[in-house]
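> Model the structure of this input:
(4 chains)
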There are 4 protein chains.
Amino acid sequence: MAEDNWGRWGDDDERGTLNLLTDDVVLEAARSCRSGKVYRLSLPLARTGVPLAAYRGGPQRLSLLTERDNLLGVAGVPDEDGACEDVLILPSHSVTHIDALCHAYHEGTFYNGFPASGFEPYGGATRLGVEKLSGFAGRGVLLDLAGFLGVSWLESDHVIAPGELADCARAQGVEIRAGDIVLLRTGWQDRFLAEVSRGDTPGHTQPGIGLEAARYLAERDIAALGADNSGIEPIPFPAGRPLAVHIEMLIRRGTPLIENMMLRELAADGCHEFLFVLGALPVPGATGSPVNPIAIA
Amino acid sequence: MAEDNWGRWGDDDERGTLNLLTDDVVLEAARSCRSGKVYRLSLPLARTGVPLAAYRGGPQRLSLLTERDNLLGVAGVPDEDGACEDVLILPSHSVTHIDALCHAYHEGTFYNGFPASGFEPYGGATRLGVEKLSGFAGRGVLLDLAGFLGVSWLESDHVIAPGELADCARAQGVEIRAGDIVLLRTGWQDRFLAEVSRGDTPGHTQPGIGLEAARYLAERDIAALGADNSGIEPIPFPAGRPLAVHIEMLIRRGTPLIENMMLRELAADGCHEFLFVLGALPVPGATGSPVNPIAIA
Amino acid sequence: MAEDNWGRWGDDDERGTLNLLTDDVVLEAARSCRSGKVYRLSLPLARTGVPLAAYRGGPQRLSLLTERDNLLGVAGVPDEDGACEDVLILPSHSVTHIDALCHAYHEGTFYNGFPASGFEPYGGATRLGVEKLSGFAGRGVLLDLAGFLGVSWLESDHVIAPGELADCARAQGVEIRAGDIVLLRTGWQDRFLAEVSRGDTPGHTQPGIGLEAARYLAERDIAALGADNSGIEPIPFPAGRPLAVHIEMLIRRGTPLIENMMLRELAADGCHEFLFVLGALPVPGATGSPVNPIAIA
Amino acid sequence: MAEDNWGRWGDDDERGTLNLLTDDVVLEAARSCRSGKVYRLSLPLARTGVPLAAYRGGPQRLSLLTERDNLLGVAGVPDEDGACEDVLILPSHSVTHIDALCHAYHEGTFYNGFPASGFEPYGGATRLGVEKLSGFAGRGVLLDLAGFLGVSWLESDHVIAPGELADCARAQGVEIRAGDIVLLRTGWQDRFLAEVSRGDTPGHTQPGIGLEAARYLAERDIAALGADNSGIEPIPFPAGRPLAVHIEMLIRRGTPLIENMMLRELAADGCHEFLFVLGALPVPGATGSPVNPIAIA
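From the prediction side, this is the model:
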C-alpha cells in the first residue's frame, strides 16, 4: 500500500481528512466570503433527466397525505385545513450525493483498516457510516477544467492529469491548500443535460481524474473532493485501474467524494473560492447520502 | 385573513420569507462568525429512539450492495474490491426536517393563494415544492427558553408567550431582526431522549409557541423558524386553534419551519448567534425534506 | 355508453364479473381437473429481464435481516441461529399483475359509476380496491393465438379480431362460457424474453386484442381476462382508441385484467382448460397487485 | 441433528416437502371439492389493525398515479380517462405470509445444508429463495384447536402438545396424511382482532405448537404448515427452545410455514378438508412473500 492516512488520526478514526477542517480553517473560510451569494450545488433529485444508475432504482417521491386525506381530523383540524406529506425512496447514491468512507473497499478493507465485512443488513456499516462525516464546512475551491481548456466539456475519454490541475488552478488564481474542499468541473454534466433536453439518451462514458491527479490532490492534503461527473474518476475505468481513484481517495486517504455536483453557476460567475457547507443526512450505518451542498461566495 | 405576505414578492412567489435572505444578509452572517465551530443540528435519521409519527412509517436504511455482491465485476473490479450502497425509505417529514410551503393548507389554500388541490400523485406539488426553497443561509439566532427559565425542559403543556420570547432574547443578548432564522429550544427533545434512554416510551404531548408568539416572530419578519420539538407549536393544539402556528407561519407569512432540530450543543456552548446553512434535498414537488442544518459559530 | 354491467349486481357492487364465479362454477372447474399438474403463471418479479414500465420504478428486493444481524438475540436465539427477511418495493402493476376495477377510469368514472376522484393518497381507493376482488377461482381457458396461427409470436402490430378468437377456440377444442377466465397467448412475451436473452433491448410495441375482440369476450360474459402481453390491448393503442379495451372490460363490464402472464408452459402442454386460482394481495385501496396465478390441469 | 429430510430429494433440492405434492396428490385434492366455496385465507395487508412487527416497518400503499395525473396523455389518452396505480412497500414477512426455506438458519445452515452465509444484498438468497416454492396446491386440512377445546382462543401461554393435535384431528374427522398442508387455528388472531376493535393494543405473547407437536406433524410427512398466529410456535419461545419449531420444520424438514393465516371462516363453516392453493410472489432470492392463500371446499 502506498502513502495513506491510516492511523494518522488514531486507529479508531472514522472521519479521515475531514479532521483537517479545524475551527480555524472554517473560520477563515467563513470570513473570506466576499458577496454573500448562495449557490446550491445539487441537481434535482428527480426520477428522470439526471444521471442515474439503473441497478439502484431511481429516486421516487410518493404522496403520503394531500388535501384529499383528513388524517388530522382526529386532532381537531377542520376538513379545509391540513397537511401534505410524502414518502421518499432514495438510493443513497442518487444524483448529487456524498460517498461515506464505507462506500468502497479494496482488498477487503475500508479506510483505516476497518474490514469490508463489517456490515449488517439491518444495522448497516458498523464503522465509517455517513453519520460519522455528517455535516462539515471549509474553504471550497473550484477548478473549472472545461473553462480552463476553453471547451464546453471535456471529451468522454479525457483522463485529467496532475499538470492540468496545477495549470488550471494557476490560471484561475487559486492555490490548493491543506484542508480545502476541491470541486472539479469537467463540463460532462452540461453535456448530459444538453443531451437530455434534446431528447437524446446520454451515454455512460465520462471524463474524470486519473490516479496521478488523485495523488496530486491527496498529497496537497485536501479535506474532500467533488466533481460534476458521476464517479470523480473516468467511466469506464482506465485500463488496469478499476476504482483506482476511489481506492486512493476514500480508502487510502479517508477523503469523502461528492458526485454529480452542479457547478455550472459557480463557473459562470468565475467564483473559485467560497465557503463550502454540506449537511449529509445522518442515517446511521449508511454508505452515503443524497446532499444539497451549499457554497457561499 | 390577518396580516400576511401574500403578493409581497409577487403573485408567483414560491419562496416566502426566504426572499429576505439577500446577499448582504448572508454576507454579514458569514462575516460575524467568531470561532469557526461547526454544529450539526440534526438528530440521527434512525428507525428508533427519535421522534417519529407512526402513520408515516419509520425511516429505513436497507443495504443495496455490500462486499458480498460483485456487481462491479462487469467493470473489471476484482472480487476483493467493490462498493457498498443503500436504499433509503424516508418519510419527507422524518425526524429533523423542513416543511416546504406546500406542507400545510388553510381553507383549501397554500401560501400566496396557491390552491391545495394543486397536487399530482406522480408529479407532486405543482407549486411551492421543497425544491423552491432548497438551500439557504443567513443569521441564525437561538432562543434557549429552557435555559432562560432555568429548567431542563418546559412542561408539556407550556404554551410559549410573546413576552417569554422577548425576555429570553434580551437575557441571552440577541435581538431578533428581519431576515433572521430563529431557533427555539424548549428542551422537550432532551426529555424525549432521556425517556428513551431510560427505556420509557415518551408521550406525544409537547410544549411549543402559541399563536401570539408566532405573530410576534412574524412581525419581526424572520426568514425561517426552527425548534427542538416536533411541530413548533404545542401538541395537542391549544383549544380551538388547530394548526394555528403552521397557518400563521407557513401559509400567511410563507415562513418555512424546521422541526425536531438538535439544539442542545448550541445551548450548552451558550452560542446564540451563528451562520445558519441548510441544504434541503431538491426533490421536485416534495412537501418537505429531512435535513441536516449546519450552524457555524 | 354501450352495453355494460353497471347496476347488474347492485349499485354498490365492487366485484363486477367475478360475481359470475358461483360455487357451482368453481366446483365444476375443480372437478374437471384431469392430471393434477400445477402451473405457475407468473414471470419472476425481478429487477431486470422482464417487462417493466420505467415510470413505475422497478420492483426491488432488499435484505432486512440476514445471518449477519442478531436481532433475535433479545429473544434468546443464539448467534449461529436466526432469521433472514427482506423488504419488497413493488409497483402495484409490476410484471405479472392484476388490475383492480379502480385501475382505469373513463370520463371520470370507474366501473359501476364510482367517481375516479374517490382517491385518497393515504387511504387509497375508497371503492373497488383490489381487496374487493382479492382471491378467486374458476374455469380457466387458454386461447393460444400464436399456436393457432402457427407462429412463435404475433407481429407487434397485430390487432386480434373476434373471428380469430372464435376460430382459435374451435381449433383448440374449447368453448368460451359465462364465468370463464380467459387467457390469451400472443407469444409476445416469448419474443421479449428471447430478445433479453440475446442481450437486446425489447421494443414496447405489442400485439393484443382490439375493441371488437374485447366485446366478443364481454358478450360471452367472461369473469376475468388475462394475457401474456403488458396491457391486453395493443401497444401503441390503435388509432383513435386509447385505452379502449381497458374501458370496455374494466370500466363497462367490471372484468379484471391480468397482465404479463406466463402462458408458455400451458401452451406447450396443449392445456386449454384448467382450474384457475388467483390470490391477489389484499392491500386495502390498492389499484392492483402483483400475483402468481395458479392453473391446475 | 435428529431425523431430517436433507438429501432426501437430492443434494440440490430447494423445495423440501413441497416435493410431496405430486400431480396425483393435487388431483385427488381437486376432485374432493364438495361445495366449490372459495375462502381467502389472508388478513388485509394493511398499515394498522393487523399483526405487525415494528422492526420490519409496516406495509405501505402509496399512490403512484391517480386521476390527477395525466401521464398517459402522451399515449393519446384524453384527460378524463386514465389509469390509477400504486407503489407497495412490503416487508416480505408482513401480515399473512409464507416463510421461504431460506428464512431461518440453525448452526449457520439452512435446509439441506446450504450455508446461511449464501446471501447477497443485491441478489438475495442464492439458494432456497421463495421463487423456488413459488406456487403450489394440495389437500388442506384444518385443525381447529380452539373449536376442539371449546374456547374462543387458546391462552397465550398454551403450548400445543402432540396429543392435542391427534385428538383434535379425530374429533374433527380428519386424518393427517403425507403431503397434507396442515392449518392450525389457535384463535389467537380472533383475540388480536377483538382487542384492536376495542381500541386496545394487543400483547405479543401467543400460543402455538411446541417442538413435540412439530415433530408429530413432521413424522406424518406434511407438505406445508400454516397457522393463525404470527410464528407457528409460541411467543415468547418456551424456555431453552428458541426457534425450535422453525428449526424442526423449515430447516430439518424443509417444510414451508405460512403465518397469520385467517382461518376463522373455514372454522365457522366446519370445513376441515379442502383444496389449498398458494401463489407466492416469485421474487428471486426473497426469504418470504406476503400471500393470499385460497381454499376451495
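
> near chain B, which residues of the stretch 151-297 of chain A?
Within the stretch 151-297 of chain A, the positions near chain B by Cβ under 8 Å from any Cβ of the partner chain are A:236-237, A:242-243, A:246-247, A:275, A:277-294, A:296. The way it works is simple: take the backbone N, C-alpha and C, and place the C-beta from them, glycine included.

> Now, of the residues you listed, which are buried?
A:237, A:242-243, A:246-247, A:275, A:277-294, A:296 (16 or more other Cβ atoms under 10 Å in any protein chain shown).

> Listing partners with orientation, what would you give for the lengthiest strand in chain A?
Counting residues, the longest strand found in chain A (DSSP state E) is strand A:135-144. Using DSSP bridges, strand A:135-144 pairs in its sheet with strand A:181-185 (parallel), strand A:273-279 (antiparallel).

> wait, which of those is closest to residue B:229?
Ranking the strands paired with strand A:135-144 by proximity to residue B:229 (Cβ to Cβ) places strand A:273-279 first, at 20.2 Å.

> what helix or strand is the residue of chain A found nearest chain D on?
With Cβ to the nearest Cβ, the shortest gap between chain A and chain D falls at residue A:62, namely 3.9 Å. Residue A:62 is located in strand A:60-65, with elements delineated by DSSP states H and E.

> same for that strand, what does it pack against?
Strand A:60-65 sits against strand A:85-91, strand D:60-65, with contacts defined as 3 or more Cβ pairs under 8 Å, 6 or more residues apart in numbering or on different chains; DSSP states H and E.

> what separates that strand from the chain centre, distance-wise?
Put simply, strand A:60-65 sits 26 Å off its chain's centre (Cα atoms, centre = their mean, to the nearest Å).

> Provide the contact partners of it at residue level.
For strand A:60-65, the surrounding residues in contact (Cβ atoms under 8 Å, 6 or more residues apart in numbering or on different chains) are A:47, A:71, A:82-90, B:56, B:91-92, B:119, B:121, B:124, B:283-286, C:57, C:121-122, D:62-64, D:87.

> quick check: mean pLDDT across it?
Strand A:60-65 shows an average pLDDT of 96 in the prediction.

> for residue A:80, what are its contacts?
With contact set as Cβ under 8 Å, 6+ apart, residue A:80 has these partners: B:105, B:106, B:107, B:108.

> Excluding chain neighbours, what is closest to the third one?
Across the structure, with Cβ to Cβ, 6 or more residues apart in numbering or on different chains as the measure, the residue nearest residue B:107 apart from its sequence neighbours is residue A:80 (5.1 Å).

> Can you tell me the centre-most residue of chain A?
Compute the mean C-alpha point of chain A, and by Cα atoms, centre = their mean the closest residue is residue A:258, 0.9 Å away.

> Quick check: that residue is in a helix.
No: according to DSSP: H, G, I helix; E, B strand; the rest coil, residue A:258 belongs to no helix; its state is strand.

> That one is in contact with residue A:95, isn't it?
No: the criterion here is Cβ atoms under 8 Å, and residue A:258 misses it with residue A:95 at 11.5 Å.

> Give the burial count for the closest residue to residue A:205 other than its chain neighbours, as a bare number.
Closest residue to residue A:205 apart from its sequence neighbours, by Cβ to Cβ, 6+ apart: residue A:156 at 4.1 Å. When neighbours are counted by other Cβ atoms under 10 Å in any protein chain shown, residue A:156 registers 17.

> what's the answer for residue A:3, then?
Neighbour tally, residue A:3, other Cβ under 10 Å: 10.

> Next, format the strands paired with strand A:135-144 as a markdown table and append mean pLDDT.
Shown next, in a markdown table, are the strands paired with strand A:135-144 (pLDDT from 0 to 100):
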| stretch | mean pLDDT |
| --- | --- |
| strand A:181-185 | 98 |
| strand A:273-279 | 98 |
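
> any chance of those strands in a markdown table, with distance to residue D:30 too?
Shown next, in a markdown table, are the strands paired with strand A:135-144 (distance: least, Cβ to Cβ, whole Å):
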| stretch | distance to residue D:30 |
| --- | --- |
| strand A:181-185 | 67 |
| strand A:273-279 | 61 |
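
> can you tell me which of these comes nearest to residue C:224?
strand A:273-279 (51.7 Å).

> Distance from the closest one to the middle of the chain?
That offset, for strand A:273-279, works out to 12 Å (Cα atoms, centre = their mean).

> Show me the contact partners of it.
Contacts of strand A:273-279 (Cβ under 8 Å, 6+ apart): A:29-30, A:32-33, A:39, A:98, A:134-142, A:174, A:181, A:183, A:224, A:258, A:266, A:291, A:293-297, B:30, B:40, B:42, B:137, B:277-279, B:291-294, B:296.

> Could you report the neighbour count for residue A:170?
11.

> tell me which element it is part of?
Residue-wise, residue A:170 maps onto helix A:162-171 under DSSP H and E.

> Off-centre distance for that helix?
Relative to its chain's centre, helix A:162-171 lies at 21 Å (Cα atoms, centre = their mean).

> Enumerate the positions of it that are buried.
Under the neighbour-count criterion of 16+ other Cβ under 10 Å, helix A:162-171 has A:162, A:164, A:165, A:168, A:169 buried.

> Let's see that helix as CSV, backbone CA atoms only.
What follows is helix A:162-171, C-alpha atoms only, in CSV (Å, rounded to 0.1, in the frame of the first residue of the first chain):
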residue,chain,number,x,y,z
PRO,A,162,-2.0,16.4,-12.5
GLY,A,163,-0.4,19.0,-14.7
GLU,A,164,-3.8,20.1,-15.9
LEU,A,165,-5.0,20.5,-12.3
ALA,A,166,-1.9,22.6,-11.5
ASP,A,167,-2.2,24.8,-14.6
CYS,A,168,-5.9,25.2,-14.1
ALA,A,169,-5.5,26.3,-10.5
ARG,A,170,-2.8,28.8,-11.5
ALA,A,171,-4.9,30.2,-14.4
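
> I'd like to know which elements it is packed against.
By 3+ Cβ pairs under 8 Å, 6+ apart, helix A:162-171 packs against strand A:135-144, helix A:145-149, helix A:211-219.

> List the contacts of it.
By Cβ under 8 Å, 6+ apart, helix A:162-171 touches A:141, A:143-145, A:148-149, A:175-176, A:184, A:209, A:212-213, A:215-217.

> are any of the residues you listed buried, and which?
Buried members of those, scored by 16+ other Cβ under 10 Å, are A:141, A:143-145, A:148-149, A:176, A:184, A:209, A:213, A:215-217.

> Between strand A:181-185 and the helix holding residue A:170, find me the angle.
Between helix A:162-171 and strand A:181-185, the angle comes out at 100 degrees (axes from the mean of the first three to the mean of the last three Cα atoms, to 10 degrees).

> got the angle between helix A:162-171 and helix A:211-219?
Computed by the same axes, to 10 degrees, the angle between helix A:162-171 and helix A:211-219 is 50 degrees.

> Number of residues surrounding the nearest residue to residue A:256 once chain neighbours are set aside?
In space, and not counting its chain neighbours, residue A:256 is closest to residue A:224: 4.9 Å by Cβ to Cβ, 6+ apart. Counted with other Cβ under 10 Å, the neighbours of residue A:224 add up to 28.

> Also residue A:178?
For residue A:178, using other Cβ under 10 Å, the count is 11.

> so how far is residue D:141 from the closest residue in space to it that isn't next to it in sequence?
Once flanking residues are discounted, residue A:178 sits nearest to residue A:221: 3.9 Å by Cβ to Cβ, 6+ apart. According to Cβ to Cβ, to the nearest Å, residue A:221 and residue D:141 sit 72 Å apart.

> Among the buried ones among the contacts of helix A:162-171, which one sits closest to residue D:190?
Nearest to residue D:190 among those is residue A:184, at 64.3 Å by Cβ to Cβ.

> so that closest one sits right up against residue A:233, yeah?
No: using Cβ under 8 Å, residue A:184 makes no contact with residue A:233, being 10.6 Å away.

> Give me the common contacts of these two.
residue A:209.

> Name only those of the contacts of strand A:60-65 that count as buried.
Buried subset of the contacts of strand A:60-65 (neighbour count, 16+ other Cβ under 10 Å): A:47, A:71, A:82-90, B:56, B:91-92, B:119, B:121, B:124, B:283-286, C:57, C:121-122, D:62-64, D:87.
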